[in-house]
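S.K.: got a predicted model here, sequence first, then my questions.
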Amino acid sequence: MSLRYNRRQFLENSAKAAVAGAILPSFLGDLCYGYQAETKSKNDRLRLGSIGVGGQGTGIMMQARHFADQIAVADVDQNHVQRGIKDTKAEAYGDYRKLLDRQDIDIVTIGTPDHWHTKICIEAMQAGKDVYCEKPLTLTIQEGQQLVKVVKETGKILQVGTQQRSQGNLVFLRAVATVRSGQLGKIQKVTVSLPLSTEVGGPFAKHEVPKNLDWDMWLGQAPKVDYCPERCHFRFRWWYEYSGGIVTDWGAHHMDVAQWGLNMDQSGPLTIDGTKTTVPRIMNGFNTPKEPIIDYTYAGDIQLQIVTGDEFVMFEGDKGRVKVNRGRVTGKAIEEQDADKGLMDKTSALMAELYHSGKPGNHMGNFVECVKSRKQPISDVVSQHRSVSACHLGNIAARLQRKLVWDPAMELFTGDDEANKMVSRAQREGYEINV
């Protein structure tokens, strides 16, 4: 099954499941509001600008339209722009800065390639907009630190598209609540399994830049290189220059669940070992690992390992284990909840407590609710900076091929200057992030 299909299917099935309630445990009926109805009152509807409207960018744009009126679309690919404004009265832009200059826009969705996320997020918030940004939130650890700073300075709402915290049948929220309740005892090990879907290949030949594409703008902060279609659009994620491969693409989802369950989504690991991972060294070819194996140690001697194969997160404690993926959550602890109403009620109450921003069920709906209430959304900037930072740490350890020691309070490596230089990256002149 392709990565592209998995993501689209997840969003579609989540909405359907939430509406129908067919796969929800019965005790969650009052907790989950499901897919919110479209906001129809003219006075209640926000004004939406969307930046980056390729595959997933289109998806989040369409979700936002349930709650907002589309008035502007921006993309460096004019084909994307024209598709984005179809059947609307929205203005089209090739340069996102012109969209941000508009004072009549309330919220912005960002669905660009990963290396553009942070810069546009920061400039959007500085321009007075609330932001929904796709995951992975950042290209580097430093970018996450910058985003935390700007959110605090501006007071703007930033929701990150880690929909597993909200969407559909709430299996991830139930798994996290089960772990946090102590029902599994002391957690000893966590396995984060990512889909085996990374592309390999290269070197790739130079091509003429399509007339519809502003290639220099697409590259942004990344090094100037010749155009080839394998670098662009969906396949950018297999290039370290623009993303972090499967480790950040799916790791941003599953490491988020893992750290949330461990109550470490405001912190991070203590050690990271990437020596079991083979990193491709192809010139002008895909250069992120196909089968990463990364070992982490967290406080309390908790061992966490990233592997590839089936997609799931599994928590193992001295009293049992729970395994969760996008379809279901299983384990003896779950069976015990199903058989004991009192235990179910306690789990439900903890789920509501963990989901601090209203009723779960729709991630975009949560964002809009928080825009209006000014409460922090469920995928807030700090937790998402920390989750994707754990992914970045894994990539750094793999590329350096050694075990690293990390200070999660200082957000620095201990005694390793070379590793600390990789917390940030050089940015091409004219595309720097200014905070």
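M.R.: Happy to help now that I have it. Numbers count the residues shown, from 1 in each chain.
S.K.: just the pLDDT for the closest residue to residue 230 other than its chain neighbours.
M.R.: What sits nearest to residue 230 in space, not counting adjacent residues and going by Cβ to Cβ, 6 or more residues apart in numbering, is residue 204, at 4.6 Å. The C-beta positions use only the backbone N, C-alpha and C, and glycine is treated the same way. At residue 204, the model reports a pLDDT of 98.
S.K.: just the one 10 residues further on next, same as before
M.R.: Turning to residue 214, the model gives it a pLDDT of 98.
S.K.: that one: what's it in contact with?
M.R.: Going by Cβ atoms under 8 Å, 6 or more residues apart in numbering, residue 214 touches 76-77, 94.
S.K.: whichever of those end up buried, select them in ChimeraX.
M.R.: The buried subset of the contacts of residue 214, as determined by 16 or more other Cβ atoms under 10 Å, is captured in ChimeraX by this line:
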select :76,77
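S.K.: of all the contacts of residue 214, which comes closest to residue 392?
M.R.: residue 76 (24.9 Å; Cβ to Cβ).
S.K.: you'd agree the closest one is up against residue 213?
M.R.: Yes: counting by Cβ atoms under 8 Å, residue 76 does reach residue 213; the two are 6.4 Å apart.
S.K.: element containing residue 255?
M.R.: helix 251-261 (DSSP states H and E).
S.K.: wait, doesn't residue 381 sit right on residue 148?
M.R.: Yes: contact between residue 381 and residue 148 holds when scored by Cβ under 8 Å: they sit 5.5 Å apart.
S.K.: pick out whichever of these two has more residues nearby.
M.R.: A direct count of neighbours by other Cβ atoms under 10 Å for residue 381 and residue 148 places residue 381 higher, at 26 against 17.
S.K.: how much space between residue 209 and residue 284?
M.R.: 16 Å (Cβ to Cβ, to the nearest Å).
S.K.: ok, residue 79 - contacts?
M.R.: residue 212.
S.K.: quick one: the helices in the stretch 1-150 of the chain?
M.R.: Counting by DSSP state H, counting those that start in this stretch, the stretch 1-150 of the chain has helices at residues 3-20, 55-64, 78-85, 96-100, 117-126, 141-154.
S.K.: now the stretch 151-300 of the chain
M.R.: Counting by DSSP H, counting those that start in this stretch, the helices of the stretch 151-300 of the chain are 171-180, 215-219, 245-249, 251-261.
S.K.: can you pull the domain assignment for the protein?
M.R.: The chain breaks down into these structural domains: 3-165, 171-354+382-421 (assignment by automatic domain parsing).
S.K.: in the protein, which ranges drop under the pLDDT threshold?
M.R.: 1-42 (pLDDT under 70).
S.K.: at 90 instead, please
M.R.: In the predicted model, the chain carries pLDDT under 90 at residues 1-44, 167-169, 357-359, 361.
S.K.: tell me the contacts of the residue nearest the centre of it?
M.R.: Per Cα atoms, centre = their mean, the C-alpha nearest to the average position across the chain is that of residue 135, at 2.7 Å. Residue 135 is in contact with 160-162, 252-253, 384, 388, counting by Cβ under 8 Å, 6+ apart.
S.K.: same thing but 10 Å
M.R.: 56, 114, 117, 160-164, 248-253, 256, 379, 384, 387-388, 391 (Cβ atoms under 10 Å, 6 or more residues apart in numbering).
S.K.: quick one: the helices of the stretch 1-150 of the chain as JSON lines, columns for distance to residue 198 too.
M.R.: Below are the helices of the stretch 1-150 of the chain laid out as JSON lines (distance: least, Cβ to Cβ, whole Å):
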{"stretch": "helix 3-20", "distance to residue 198": "9"}
{"stretch": "helix 55-64", "distance to residue 198": "17"}
{"stretch": "helix 78-85", "distance to residue 198": "24"}
{"stretch": "helix 96-100", "distance to residue 198": "29"}
{"stretch": "helix 117-126", "distance to residue 198": "20"}
{"stretch": "helix 141-154", "distance to residue 198": "22"}
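S.K.: nearest to residue 352, out of the ones you listed?
M.R.: Using Cβ to Cβ, those put helix 3-20 closest to residue 352, at 16.0 Å.
S.K.: using CSV, write out every CA atom in stretch 367-378.
M.R.: Extracted in CSV, the C-alpha atoms of stretch 367-378 (Å, rounded to 0.1, in the frame of the first residue of the first chain):
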residue,chain,number,x,y,z
PHE,A,367,-8.0,24.3,15.5
VAL,A,368,-11.0,26.5,14.7
GLU,A,369,-12.3,26.1,18.2
CYS,A,370,-9.0,27.2,19.6
VAL,A,371,-8.8,30.1,17.2
LYS,A,372,-12.1,31.3,18.8
SER,A,373,-11.3,30.4,22.4
ARG,A,374,-7.6,31.3,22.3
LYS,A,375,-6.8,28.0,24.1
GLN,A,376,-3.8,26.0,23.0
PRO,A,377,-4.8,23.3,20.4
ILE,A,378,-4.2,19.6,21.0
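S.K.: buried ones in that stretch?
M.R.: Quick answer for stretch 367-378 (16+ other Cβ under 10 Å): 367-371, 376-378.
S.K.: so who does residue 51 touch?
M.R.: Residue 51 touches 57, 61, 72-76, 84, 93, 96-97, 99-100, 108-112, 116, 120-121, 123-124, 131, 133, counting by Cβ under 10 Å, 6+ apart.
S.K.: and those residues, which are buried?
M.R.: 57, 61, 72-76, 84, 93, 96, 99-100, 108-112, 116, 120-121, 123-124, 131, 133.
S.K.: what's the neighbour count on the residue nearest to residue 301 when sequence neighbours are not counted?
M.R.: The shortest distance from residue 301 to any non-neighbouring residue, by Cβ to Cβ, 6+ apart, is to residue 188 (7.9 Å). When neighbours are defined as other Cβ under 10 Å, residue 188 has 15 of them.
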